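>>> Kindly return the folded structure for what I paste below:
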Amino acid sequence: MDKTEIKFTVFFEDPFWVGLYERTSGGRYEVCKLTFGAEPKDYEVYAFLLENWRSFRFSPPVSAKGPKEMPRNPKRVQRLIQKQQKQPGMGTKAQQALALMHEQNKLKHRTDSRTRKEEEKERRFELHRAKQKEKHRGH
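Below is the predicted model:
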């Protein structure tokens with residue numbers, strides 16, 4: 001049975017507060033970056049996650065090792081949580097996944113704008129051709 005690990009980190013990235021939603025499942029690692037304005041309260045973050053989780057745009061999956069087995073000792077778990085909270089926000093794997101997502105969005109935007117320009121050029125050409133036929137019709 002596959003284990004799923006989900007991690008949500010909120011940190012300050014000048015000038016905004018940013019949430020990093022990471023999920024690892026079935027050997028795949030995906031990340032989503034959410035930007036908040038002012039510092040969000042815990043209950044605001046929780047409400048935001050409950051309302052908008054379907055619309056999150058995750059990065060393409062990156063291969064990842066399975067989630068680590070958590071120790072059963074509650075004191076050890078508490079120490080691990082404290083240790084993770086002291087670490088800086090974005091890890092290198094998250095940065096790589098976000099960079100990959102950014103590149104894909106950039107390529108998609110380029111192709112979309114290119115097709116829009118070509119369609120506009122074709123529309124203008126057809127309009128010009130129609131005007132020429134209209135002028136020619138009278139002679």
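
>>> Every contact and neighbour count from this point should use C-alpha atoms.
Fine.

>>> Quick check: buried residues in stretch 20-35?
20-25, 29-33 (16 or more other CA atoms under 10 Å).

>>> same question for it, mean pLDDT?
Taken as a whole, stretch 20-35 has an average pLDDT of 85.

>>> Pull up the distance across that stretch, start to finish.
With CA to CA, to the nearest Å as the measure, stretch 20-35 spans 9 Å from end to end.

>>> Could you pull up the contacting residues of residue 34?
18-21 (CA atoms under 8 Å, 6 or more residues apart in numbering).

>>> Please name every helix or strand in contact with the helix or strand of the chain with the lowest mean pLDDT.
Comparing every helix and strand of the chain by mean pLDDT, DSSP states H and E singles out strand 62-63 as the least confident one, with a mean of 76. Counting contacts by 3 or more CA pairs under 8 Å, 6 or more residues apart in numbering; DSSP states H and E, strand 62-63 packs against strand 28-36.

>>> all strands for this structure, in order.
For the chain, the strands defined by DSSP state E occupy 4-13, 16-25, 28-36, 62-63.

>>> How about residue 9: what's its closest non-neighbour residue?
Nearest non-adjacent residue to residue 9, counting by CA to CA, 6 or more residues apart in numbering: residue 20, 5.1 Å away.

>>> Could you give the bridge partners of that neighbour?
With DSSP bridges as the criterion, residue 20 is bridged to residue 9, residue 33.

>>> Residue 125 versus that one, what's the distance?
Distance from residue 20 to residue 125, counting by CA to CA: 47 Å.
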